[in-house]
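[1] dropping the sequence and predicted coords here.
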Amino acid sequence: MAAVTPILPGDAGEAPAAGAPARPGRPARRRVWRGVVLIVAAAYFLVPMGASFWFTVHSEQQGFSLSTYAEILSAEGFAASMLLSLALAAATIAVVLALTLPALLAVRLGAPRLRPVLEVVCTLPLVVPPITFVTGISTVLRWGPDYLAATPFWATLIAIQDETFPVVLVMAYVVLALPFVHRSLDAGLRAVDVRTLVEAARNLGASWPHVMFRVIIPNLRPAIASASFLTLALVLGEYTVAALLGYQTFPVWIVTVSGANGRLSVAVSILSLLITWLLLLVLSGAGTKRKDA
C-alpha cells in the first residue's frame, strides 16, 4: 500500500479554510474604478444635455417655461419630416437586413473563402467620404435624363426621386449602413453554430424559408436588434446626403429651423435623442430572447 502523507498546515498546496476571509483589495478597487468610469461617462453625456434643456426652458424675460416644447408639435414641417425619416429608417432596415443576412449565411455555409471579399465590400462605405458619395449620386441623377429619356428606365428614375418617399435616399442609406450591419450580424453568426443548426433542420425536412425564419433568425435576435438600432440612428442623424439631394428629412428640418428659432431647434434635438433612446429600448426588448419559466 502506498503511504498516506498528511498535509501540514504550512504546506503550499493547502486550500484556504472555509471560514477564512477573502483577500481584500483588488475586487474593491475594480468596483471603485467602475463607479468612477460610470460617473465620468454619465457627466459627459448628461451635463451637456442638462445645459441644453435649461437653455430651452429658462429665459430672463419669462423665467421657467415649457412653452418651447409646446411649440414643437405645432411647428411647420415637424410631423412630416419626422414621419418621413421614420419611414426611411424602416425601409432601410428591411432592405439592408434582406441583403446582408442571406449573403453572410451563403458565404459562411457554402463559400468560406469569400468571407474576406464580402467583408471588404461591406466596409468600403467607411472609406468613401459622404460628400463624395452624394456627389456621385447627384451626378448620376443629372446624367439620367439625357440618356434614359427614350428607355423604360426613365419612369423608374423619376419614381425613385419622389419627394413623398425618396427611394434614392433608402438606397444611399443602405450603402452607408452596410459596415455597421455587417459587423453586428457577423458577430452574431460567430456566436452561433450555424452549420449544425442548418444541417439539423434540413435533415428533419425543413425548407430553406423555414430554416431562415424559424431557426436562424430567432438565434440572431440580439444581433438583428443591434443592426437595426445602428441603422435607425444613422438615418435619424444623417444630414449630408438628404440636404445635398434636396429632401426635407428630420435632420435637415432641424438645421432649417435653427436659423429662425435656435431655442426650438435645441428642444427638437433633445426630443430626437429621447425618441432614439426610446426606440433603442424597444429594439433591445425585441432582441431579448424570453425564456419560459
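    Nice, thanks for sending it over. Numbers count the residues shown, from 1 in each chain.
[2] can you count the residues close to Gly35?
    10 (other CB atoms under 10 Å). Where you see a C-beta, it was placed from the backbone N, CA and C, and this is true even at glycine.
[3] typo on my end, Asp146
    7.
[4] which element, helix or strand, includes it?
    helix 130-148 (DSSP states H and E).
[5] now do that helix, average pLDDT.
    The predicted model assigns helix 130-148 a mean pLDDT of 83.
[6] now do the buried residues in it.
    Residues of helix 130-148 classed as buried by neighbour count (16 or more other CB atoms under 10 Å): 133-134, 137, 144.
[7] could you do stretch 94-110 as well?
    Residues of stretch 94-110 classed as buried by neighbour count (16+ other CB under 10 Å): 95-97, 100-101, 103-105, 107-108.
[8] mind checking which of those residues land in helices?
    Using DSSP state H, the members of the buried residues of stretch 94-110 that fall in helices are 95-97, 100-101, 103-105, 107-108.
[9] which one among these sits at the bottom for pLDDT?
    Arg108 (87).
[10] for that one, what are its contacts?
    Contact analysis of Arg108 by CB atoms under 8 Å, 6 or more residues apart in numbering lists 115, 189, 194-195.
[11] and the gap between it and Asp193?
    Computed with CB to CB, to the nearest Å, the distance linking Arg108 and Asp193 is 11 Å.
[12] excluding chain neighbours, what is closest to the residue nearest the centre of the chain?
    In the chain, the C-alpha closest to the average C-alpha coordinate belongs to Leu230, at a distance of 0.8 Å (CA atoms, centre = their mean). With CB to CB, 6 or more residues apart in numbering as the criterion, Leu230 has its nearest non-adjacent residue at 4.1 Å, and that residue is Phe180.
[13] so what's the one you found up against?
    Contact analysis of Phe180 by CB under 8 Å, 6+ apart lists 227, 230-231, 234.
[14] from these, which land in helices?
    Per DSSP H, the contacts of Phe180 map to helices at 227, 230-231, 234.
[15] between these, which is nearest Arg34?
    Leu230 (25.5 Å; CB to CB).
[16] that closest one against Leu176, yeah?
    No: the criterion here is CB atoms under 8 Å, and Leu230 misses it with Leu176 at 10.6 Å.
[17] buried ones in the helix or strand containing the residue nearest to Leu230?
    Taking DSSP H and E as the criterion, Phe180 maps to helix 167-190. Applying a neighbour-count criterion of 16+ other CB under 10 Å, the buried positions in helix 167-190 are 168-170, 172-186, 188-189.
[18] past it, which element shows up next along the chain?
    Counting by DSSP H and E, what follows helix 167-190 is helix 194-203.
[19] what is the orientation angle of that next one with helix 167-190?
    Interaxial angle, helix 194-203 versus helix 167-190 (axes from the mean of the first three to the mean of the last three CA atoms, to 10 degrees): 90 degrees.
[20] contacting residues around helix 194-203?
    With CB under 8 Å, 6+ apart as the test, helix 194-203 has contacts from 105, 108-109, 210-211, 214-216, 219.
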